[in-house]
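> Here you go, sequence then predicted model.
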Amino acid sequence: MLATLTFLLVLLLAFANGTNDVSKSIATLVGSGVTNYGKAIVWGTLWTVGGAGLSAFVATAMVKTFSTGFLPSQVAIHPTLSLSVLTGAAAWVLFASKTGLPVSTTHALTGSLVGTGLLAYGFENLIWSSLVNKIGLPLLLSPVLAFIVALLFYPMVRHLAARWEGTCLCLTPAYRALMTVDAQGATRTLYQATGFGTPVAAVPARCERADLGFTIGLDSLHWVSSGLTAFARGANDTPKIAAILLLGTSLGAWPNSFMQGMTFAGATIAMGLGSYWGGRRVTEVLAEKVTKMDHVEGLSANLTTTTLVLTSAALGLPVSTTHLSSSAIIGIGLLQGWRAVRWRTVRDMLLAWVVTLPASGIFAGLSYLLIDWLLRVLAPVS
């Protein structure tokens, strides 16, 4: 009974994560005018599902980070701990999504772990050094790192965009050719299969012509960067959520492949549903209410988030996609000047980040007390 309830709460937290975090990958698409909300959310959802599904095979380090090392090995961990942690984190993330606040699921899980642990085992039984080193420091440093990396990426992306603007890469099956077309309509053949099709001189001068086949422009790069950010986010967040099922195990390892597969498959589906059905509200905040973006700025923010999230996921470092993406967007906005950033929105975001730890801890603590009371009342009946 408790195992089933814990699994359902994993799905609820994955759904809540989708409602809040899909925005971090697609906000730049909407904010820079590349596409509308509907298409952006579908795009982010598809890539999120891909990253979440793959994480089952590559994210063993992240699973171990969130399932072991918080309590002494001799302390027996009751299943109510997992139930309370999941309930507290899910309640806070869903509340934040409803109000349009971009918050961190990683922060919510951390606050829930601490809040429940304090009530269940006391201050002295929590391994604070592990909490600080494994979770606290990566979360604290990630916004600063994202800010710096975004400022480093921006000049490179701007240089690339300056050369690319007005140029498109055309794949023309009818002519067996791959070529570029610049803003003046001049074509340059990069490759052509010999002995097939019409001479290159007969190729039309504009990518917009219907018979030119597949075309890649600056918009395409932005789409790809957004997809990769969503993919990285799914790969980074899913293992943290799934790992709560393993709280109390000595090695943070799955007892069998079936349980691992079911957990990750369920979390992947739930995260996708949350992204699709509830992702718009937070996306609007990041896309429209922080700063105005163009192609170069949006692309720089996405590349920053993708690089840092994938690197941290591989190393098992629990950084927050929310903090990385939001900090990158703020940093890019500051390049336009202090007044380009809407500081009232930033203030609300920072306040939500600070409140996440105690709020999720309180939700989790109350959940623990309620669940513990219910189990005591129902124990004689069963």
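Arrived safely, thanks for sending.

> For residue 373, give its distance to residue 28.
According to CB to CB, to the nearest Å, residue 373 and residue 28 sit 46 Å apart. The C-beta positions use only the backbone N, C-alpha and C, and glycine is treated the same way.

> Neighbour count for these two, which is higher?
Set side by side, residue 373 and residue 28 show more neighbours around residue 28, with 30 against 10, by other CB atoms under 10 Å.

> can you pull the buried residues of the helix or strand harbouring residue 373?
Secondary structure assignment for residue 373, by DSSP states H and E: helix 343-378. If you call a residue buried by 16 or more other CB atoms under 10 Å, then helix 343-378 has these buried ones: 345-346, 348-349, 352-353, 355-357, 359-368, 371-372.

> now that helix: mean pLDDT?
The average pLDDT within helix 343-378 is 89.

> What strand or helix carries residue 77?
Here residue 77 is covered by no helix or strand, with elements defined by DSSP H and E.

> neighbours around residue 36, how many?
The number of residues packed around residue 36, counting by other CB under 10 Å, is 10.

> Quick one: residues contacting it.
If a contact means CB atoms under 8 Å, 6 or more residues apart in numbering, then residue 36 has residue 30 as its contacts.

> distance of it from residue 296?
As judged by CB to CB, residue 36 and residue 296 stand 21 Å apart.

> again, but for residue 32
Using CB to CB, residue 32 is found at 9 Å from residue 296.

> Between those two, point out the one with more neighbours.
Neighbour count, other CB under 10 Å: between residue 32 and residue 296, residue 296 has more, with 23 against 20.

> wait, that one sits on residue 161?
Yes: the pair residue 296 and residue 161 passes the contact test of CB atoms under 8 Å, sitting 4.7 Å apart.

> residue contacts, residue 331?
Residues counted as contacts of residue 331 (CB under 8 Å, 6+ apart) are 146-148, 150-151, 301.

> Of those, which pair is most distant in space?
Maximum pairwise distance in those, criterion CB to CB, is 13.1 Å, between 148 and 301.

> neighbour count winner among these two?
Neighbours of residue 148 and residue 301, each counted by other CB under 10 Å, are more numerous for residue 301; the result is 36 against 14.

> next one: stretch 318-337 to chain centre, how far?
For stretch 318-337, the separation from the chain centroid amounts to 13 Å (computed by CA atoms, centre = their mean, to the nearest Å).

> Can we start the residue count at 863 from this point?
All set: I'll call the first residue 863, so the last point we hit is now stretch 1180-1199.

> for it, what is the average pLDDT?
Mean pLDDT, stretch 1180-1199: 81.

> What of stretch 1155-1170?
For stretch 1155-1170, mean pLDDT is 83.

> Just the residues contacting that stretch, thanks.
886-887, 890-891, 893-894, 896, 1004, 1007-1008, 1011-1012, 1015-1016, 1019-1020, 1023, 1080-1081, 1083-1084, 1087-1088, 1090-1091, 1093-1095, 1181, 1183, 1186-1187, 1190-1191, 1193-1195, 1197-1198.

> how about it: buried residues?
1155, 1157-1170.

> In the residues you listed, find the pair that's most separated.
The widest separation within the buried residues of stretch 1155-1170, taken as CB to CB, falls between 1157 and 1170 and amounts to 20.8 Å.

> ok, residue 918 - contacts?
1100, 1122-1123, 1126-1127.

> Next secondary structure after whatever helix or strand residue 1134 lives in?
Here residue 1134 is covered by helix 1119-1140, with elements defined by DSSP H and E. Next along the chain after helix 1119-1140, taking DSSP H and E as the criterion, comes helix 1142-1150.

> Report all helices and strands that that following helix contacts.
Using 3 or more CB pairs under 8 Å, 6 or more residues apart in numbering; DSSP states H and E as the contact definition, the elements that helix 1142-1150 packs against are helix 864-883, helix 885-893, helix 899-920, helix 942-961, helix 1183-1196.

> looking at the ones you listed, which is closest to residue 998?
Closest to residue 998 of those, according to CB to CB: helix 1183-1196, at 12.9 Å.

> Kindly provide the distance from the closest residue to residue 949 other than its chain neighbours to residue 978.
With sequence-adjacent residues excluded and distances taken as CB to CB, 6 or more residues apart in numbering, residue 949 is closest to residue 1229, at 4.0 Å. The gap separating residue 1229 from residue 978 is 8 Å, by CB to CB.

> shared neighbours of the two, anything?
Between them, residue 1229 and residue 978 share the contacting residues 946, 950, judged by CB under 8 Å, 6+ apart.

> remind me which residues of the stretch 863-1012 of the chain are low pLDDT?
Counting by pLDDT under 70, the stretch 863-1012 of the chain has low-confidence residues at 921, 923-924, 927-938, 996.

> which SS class is residue 1116?
Assigned by DSSP: H, G, I helix; E, B strand; the rest coil, the conformation of residue 1116 is coil.

> Leaving out sequence neighbours, find the closest residue to the most centrally placed residue in the chain.
Among the residues of the chain, residue 1095 comes closest to the average C-alpha position under CA atoms, centre = their mean, at 2.8 Å. Counting by CB to CB, 6+ apart, residue 1095 lies nearest to residue 1183, which is 4.6 Å off, once chain neighbours are set aside.

> Touching, the one you found and residue 882? I think so.
No: because the distance of 9.6 Å does not satisfy CB under 8 Å, residue 1183 is recorded as not touching residue 882.

> starting at the chain centroid, how far to the host helix or strand of residue 1014?
Secondary structure assignment for residue 1014, by DSSP H and E: helix 999-1026. Between the mean C-alpha location of helix 999-1026 and the chain-wide mean there is a distance of 17 Å, by CA atoms, centre = their mean.
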